[in-house]
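**Student:** Got a predicted model here, sequence first, then my questions.
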Amino acid sequence: MILAIHLNPAIDRVYAVEKINIGSVARPLEMTANAGGKASNVCRVARLLDAAVMVCGFIGGFSGNFIENDLKKLGIQTAFTKIKGESRSCINIFDQSSGLSTEILEKGPEISLEEQQLFLKQYDSLLNQSNIVTASGSLAIGLKTDFYNTLIEKAKRKNKPFLLDTSGNTFKKAIKAVPYLIKPNKDEISDFVDDLLINEELLKKSLKAFYLKGIQSPVISLGENGCLAAINDEIFHFRHPKLKVKNAVGSGDAFIGGCAVGMVNKKSPIDIIKLGIACGMANTQFFKTGVISKELVEKYLPLIEVKRI
């Protein structure tokens with residue numbers, strides 16, 4: 001089973017408009033509301049690939065109940081820690097004329113020390129039921145920046161691979177605990193090097209450095225140009241064809257969901273990354289975030305090129 005950690009879940013509201021003009025009224029052509037936040041997308045994608053998934057984290061209030069019920073509808077098991085605060089909402093406005101999205105992300109509630117202790121006690125128990133652990137997104141207010149470190153270390157003590165997708169200072173701290181997989185983007189790598197010119201050679205050196213630290217599957221996302229990955233001390237470039245995009249939000253989360261399913265199904269390291277990429281591609285073909293179809297994933301898999309560099 002995949003255990004997905006969701007420390008700051010949200011209701012994702014997506015509005016598609018013909019064109020955004022600042023200061024004017026925009027009427028949506030289409031809108032959706034669903035359990036959101038990066039980990040919700042990971043859960044949804046993994047479940048759509050028929051994997052057994054359980055999600056844990058913090059939820060509260062009406063929004064929290066909406067998030068939990070929306071995930072349960074897909075057959076995702078929930079083991080949330082209930083909090084006093086109200087879970088957040090996030091808004092994505094998609095401008096069809098430009099193909100660009102504008103996101104408005106609420107910070108979310110503050111988590112008390114008592115609520116944190118309840119979660120950690122439950123997390124220890126859930127690890128015994130899990131094969132793979134994923135953690136995605138920002139930390140809720142009240143959690144220390146090394147909170148992911150604690151979760152990674154607990155998972156490693158029970159030999160559970162930990163897939164991490166976060167950013168900023170949280171990411172910098174968390175990699176010190178040596179998770180199994182990371183996926184920073186090219187821009188985030190600049191935080192680790194002094195060189196202002198981020199080229200392929202520098203990215204390769206960064207991947208090898210992560211690998212030598214003990215991170216078994218470091219990946220650097222290159223957006224529409226695919227990704228670079230270190231596999232057994234070798235560097236590979238994964239490329240995919242460009243697609244006409246309906247909504248790209250959640251594609252990175254779909255990648256994590258696909259990789260987690262690949263690992264549970266004991267696929268080869270290259271095939272794990274390919275499945276993640278195919279899921280990310282499939283996600284772009286749906287207006288709703290964190291949604292794929294197995295048919296599209298199977299269609300895209302043979303289109304992904306892999307080259308040792």
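**Tutor:** On my side now, so go ahead.

**Student:** wait, is Ile11 part of a helix?
**Tutor:** No - Ile11: not assigned to a helix; according to DSSP: H, G, I helix; E, B strand; the rest coil it is strand.

**Student:** residues contacting it?
**Tutor:** Counting by Cβ atoms under 8 Å, 6 or more residues apart in numbering, Ile11 touches 33-36, 63, 66-67, 87-90. Just so you know, the C-beta spots here come from the backbone N, C-alpha and C atoms, and that holds for glycine as well.

**Student:** Which one of those is nearest to Pro218?
**Tutor:** Gly36 (26.9 Å; Cβ to Cβ).

**Student:** Spatially nearest residue to that closest one, not counting backbone neighbours?
**Tutor:** Computed as Cβ to Cβ, 6 or more residues apart in numbering, the closest residue to Gly36 that is not its neighbour in sequence is Asp12, at 2.5 Å.

**Student:** Can you tell me how far that neighbour is from Ser40?
**Tutor:** Taking Cβ to Cβ, to the nearest Å as the measure, Asp12 falls 7 Å from Ser40.

**Student:** joint contacts of the two?
**Tutor:** With Cβ under 8 Å, 6+ apart as the test, Asp12 and Ser40 both reach Asn34.

**Student:** Who has more neighbours out of the two?
**Tutor:** Comparing Asp12 with Ser40 by other Cβ atoms under 10 Å, the one with more neighbours is Ser40, at 30 against 26.

**Student:** Which of the helices or strands spans that one?
**Tutor:** helix 38-48 (DSSP states H and E).

**Student:** Summarise which helices and strands the helix or strand following that helix is packed against.
**Tutor:** Per DSSP H and E, helix 38-48 leads on to strand 53-59 as the next helix or strand towards the C-terminus. Strand 53-59 is packed against strand 2-6, helix 38-48, helix 61-72, strand 77-82, helix 113-127, with contacts defined by 3 or more Cβ pairs under 8 Å, 6 or more residues apart in numbering; DSSP states H and E.

**Student:** Within its sheet, name the partner strands of strand 53-59 and how each one runs.
**Tutor:** strand 2-6 (parallel), strand 77-82 (parallel) (DSSP bridges).

**Student:** Quick one: mean pLDDT for that strand?
**Tutor:** For strand 53-59, mean pLDDT is 98.

**Student:** Stretch 182-194 now?
**Tutor:** On average, stretch 182-194 scores 80.

**Student:** okay, now Cys259: neighbour count?
**Tutor:** 31.

**Student:** for the stretch of helix or strand it belongs to, packing partners?
**Tutor:** Under the criterion of DSSP H and E, Cys259 resides in helix 251-264. Contacts defined by 3+ Cβ pairs under 8 Å, 6+ apart place helix 251-264 against strand 2-6, helix 38-48, strand 132-136, strand 162-165, strand 217-221, helix 269-283.

**Student:** quick one: least confident helix or strand in this protein?
**Tutor:** Here the helix or strand of the chain ranked lowest by mean pLDDT, DSSP states H and E is helix 186-189, holding a mean of 84.

**Student:** What residues sit buried inside that helix?
**Tutor:** Of the residues in helix 186-189, 186, 188-189 count as buried by neighbour count, 16 or more other Cβ atoms under 10 Å.

**Student:** List just the nearest of the residues you listed to Ala51.
**Tutor:** Nearest member of these to Ala51, counting by Cβ to Cβ, is Glu188, at 27.4 Å.

**Student:** Spatially nearest residue to the closest one (excluding sequence neighbours)?
**Tutor:** Closest to Glu188 by Cβ to Cβ, 6+ apart is Ser167, at 5.8 Å.
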